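Enquirer: no sequence for this one, just the structure:
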C-alpha cells in the first residue's frame, strides 16, 4: 500500500470517527501539554538560576590551603598563604575550554569601616570588615547603580597631597600613612544582594536603622564611608601603618563577596602589598574561570585539580541537580498522562478494530495484506498523536504566556525576576511532538496487530 | 487448458473432539481458464468455506492448493494478498459495501491496496474505468450515491463492479443472489453470464440456486463438505 492510499484511509477515518478520535487525542494533547509545559518551565528557571544566579558555565577555583584565612589569620599573619600564582592563572587561561579567567584576591590585612550618615542619619560602623578584589571585567554594567565607575581611583590621580583636607571632597589623599600621596576619588565598592538582605532583615531592625534598598543607595548618590586599613577590633597588622581610605558604594553585584566589600583587584593588590607583602599581592585567593560552554566545566575542574585547585562553590552543581530532579518529577506527571492516554487509545482502537472486522476482512479480500492493515491503524494512531501533540504544544505555549503575564502583573519584583519563566528550545518542541506520536503508536500497537490477524474468510462469513 | 484452480484433498475442520465438524472433507477440484463453475449445495454444506479456501482468504486448511499454477502454501501473506488483489475478484452474498463511502469509492477500494502501481497511478484512467463499470452494470451517473440509498440489486451490482475494477482473471462469488428477490437475482445472474461470455472470465459461484447453475459451464454438487456429483462440462446455455 503506498503512502497516498494510506493517507486516504487515515483521512477518511479522521472524518468518520471524529468523536472517538478527538476523545483519545485529548489525552495525548493533555499529556503533551503537561510534559512540555513543565519541561519548558524547568528549563526556563534553570536558565535563570544557572545562567544568572548560580552560573553553571563558570567555576571558581581556589587553593585548598588558601581557604579563608579568617579574622585571626588576618591579624596574626596567616594571610600570607601561597594562594594561586599568576603562572597557574595563565595555565588555566590557556585551557581550550576556558573563555576567560578572572583572578580574585582577598584582604590579607585587618580592616574596619565607619560611615553611612547620608543613609542612616548618623555614622555607623563595623569592628571588622572583610573584603576582596575582583577584575573590573567581572562586573556587569547592570551591577552599577549610578554614574560612578568601578575602576582603580589611581587611574585618574589628582593633585599631590599629604592630608585629605588638601583634597576637594569627596576626594581623599591616597598614600601610605605619613607619606606623600595624591588626591583621588573614593575607592569604588560593590556589595552583595545577600549583604543588603542580612542588613535589612537583621541588623537594621536591631539598631533601629532604616532598611537599605537599591533606591536608597541610588538616591544617596553613592554611600561614602571610611574604610580603616591595617587595624580592627581584633588587632593591628604587623606591617604598614593603619590609615583610612574613602570608599563609595557604587553597585550591588553578585560578584561581590557575600558579607563584606568588593574593590577593584588592583586596589586590593596595593593594600595587600602595603600591609602584608609582595606575595599577598601577587598570589590570588581564587580564580573565576568562564567556560566556553556548560558541558566543559567539569573538564576545567579536572584540570584545576591537577594544579591542586578545588572548586570554591558547588552551589551551581547542587542547584542543577535539584532542578533536574524537580524537572524529572514534573515531566513524570506529563509522561503518566501520556501513558494513561496511550491506554485510552489502545481501548479506542480495540473497539474500532472489533467494529471494523468486516471492513478489514473486505480490504484483505480485495488485496490488502496483514501488514497493510497494521500500517493503516498505526498511521491513524501516529496522525492522531501528531495532531494531539501539536494541540498540546500550542496549549503549553499559551499556558506559558498566561503564566508569564500573571507573574509579570501579580508577583512583586525580586532579584533575577525573568521576563519569561519558560524556555522552548527546538528539541523540546520536536521532542514533545515525537513523544505524543510515540505514545499514540504504543497504544495502537496491540489493536493494529489484532487488525492484522483478522481472518478474512471467517469475518466475512460471520457477517454474511 | 490452463488450470486456474487446482485443489487436492482440501480439508477444513471446525472445533475439536466430539463436537468437531468437517466443513471440507477431502475436496479435489480443478477449474480451467474460461470455465463458469457453479457449486451447488444446501446451506451449511461447506460451499462458502470452499470459496474462502479457493480465494486464499482462509489458509488454515488441509490439502494442497494451486492458484494459476502456483502453490499457495509457501507464499507469504503479502504475496498471497498481492495475488488476490491482482488476479481474483470476490462477490459476496451480503455485498459488503462500505457504508461511509460513495459508490465510486467502494468500487475503487481494491486500488488502495494494489501492488500494480502502474495500474492505479493514472487516476484519470482509473476514474474512467469506474465510469465504464458503472455504465456496464446499469448504474451510470450514480457514482456519488451512497450504498444506503440503493436497492439490494444495485448494491450487488456495485459489489460486482468493485470485483471487476482491476480486471481479475478469476471471479469468486459466494451466494451472489442469496439476498435478492427473484427478478433482481435473475438480472445479476445475467450480468455474470455476460461477463463470462464477453470477457472469457473464469467464474466460480457457490450457490443453492439453480438459476446460477443454468448459466454455468459445469456444476459441482456438494454435501457434507464433499463434492458428491458433477454435471458437465457443457456448453453455456443462454439465459436471454
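Expert: Great, that's in hand. Since the structure is predicted, the reported quantities are computational estimates derived from the model, not experimental observations.
Enquirer: If the residue nearest to residue A:171 when sequence neighbours are not counted is in a bridge, with which residues?
Expert: Nearest residue to residue A:171, sequence neighbours excluded (CB to CB, 6 or more residues apart in numbering or on different chains): residue A:183, at 4.4 Å. The way it works is simple: take the backbone N, C-alpha and C, and place the C-beta from them, glycine included. Counting by DSSP bridges, residue A:183 is bridged to residue A:173.
Enquirer: Just to check, residue A:183 is in contact with residue A:162?
Expert: No: under the criterion of CB atoms under 8 Å, residue A:183 is not in contact with residue A:162, lying 10.5 Å apart.
Enquirer: if I look at the two, which residues touch both of them?
Expert: Taking CB atoms under 8 Å, 6 or more residues apart in numbering or on different chains as the contact rule, residue A:183 and residue A:162 both touch residue A:173.
Enquirer: Neighbour count for these two, which is higher?
Expert: In terms of neighbours (other CB atoms under 10 Å in any protein chain shown), residue A:183 is the more surrounded of residue A:183 and residue A:162; the figures are 19 against 12.
Enquirer: distance of that one from residue A:243?
Expert: As for residue A:183, its distance to residue A:243 is 15 Å (criterion: CB to CB, to the nearest Å).
Enquirer: State the helix or strand in which the closest residue to chain A within chain B lies.
Expert: Nearest residue of chain B to chain A (CB to the nearest CB) works out as residue B:85 at 2.0 Å. Using DSSP states H and E, residue B:85 sits within helix B:77-87.
Enquirer: Likewise for residue A:99?
Expert: Using DSSP H and E, residue A:99 falls in strand A:98-106.
Enquirer: Counting neighbours, show which residues of that strand come out buried.
Expert: Residues of strand A:98-106 classed as buried: A:98, A:101, A:102, A:103, A:104, A:105, A:106 (neighbour count, 16 or more other CB atoms under 10 Å in any protein chain shown).
Enquirer: Specify the beta-bridge partners of the fifth one.
Expert: Read that as residue A:104. Listed beta-bridge partners, residue A:104: residue A:134, residue A:286 (assigned using DSSP bridges).
Enquirer: so what's it up against?
Expert: Residue A:104 touches A:60, A:132, A:133, A:134, A:135, A:265, A:284, A:285, A:286, A:287, A:288, counting by CB under 8 Å, 6+ apart.
Enquirer: what about the fourth one, distance to residue A:254?
Expert: Computed with CB to CB, the distance linking residue A:134 and residue A:254 is 11 Å.
Enquirer: More neighbours: which of those two?
Expert: Remark: of residue A:134 and residue A:254, residue A:134 carries more neighbours, 24 against 17, as counted by other CB under 10 Å.
Enquirer: My read is that the more buried one contacts residue A:262, right?
Expert: Yes: Residue A:134 is in contact with residue A:262 according to CB under 8 Å; the separation is 5.7 Å.
Enquirer: Quickly list what's touching both of those two.
Expert: Joint contacts of residue A:134 and residue A:262 (CB under 8 Å, 6+ apart) are A:190, A:255.
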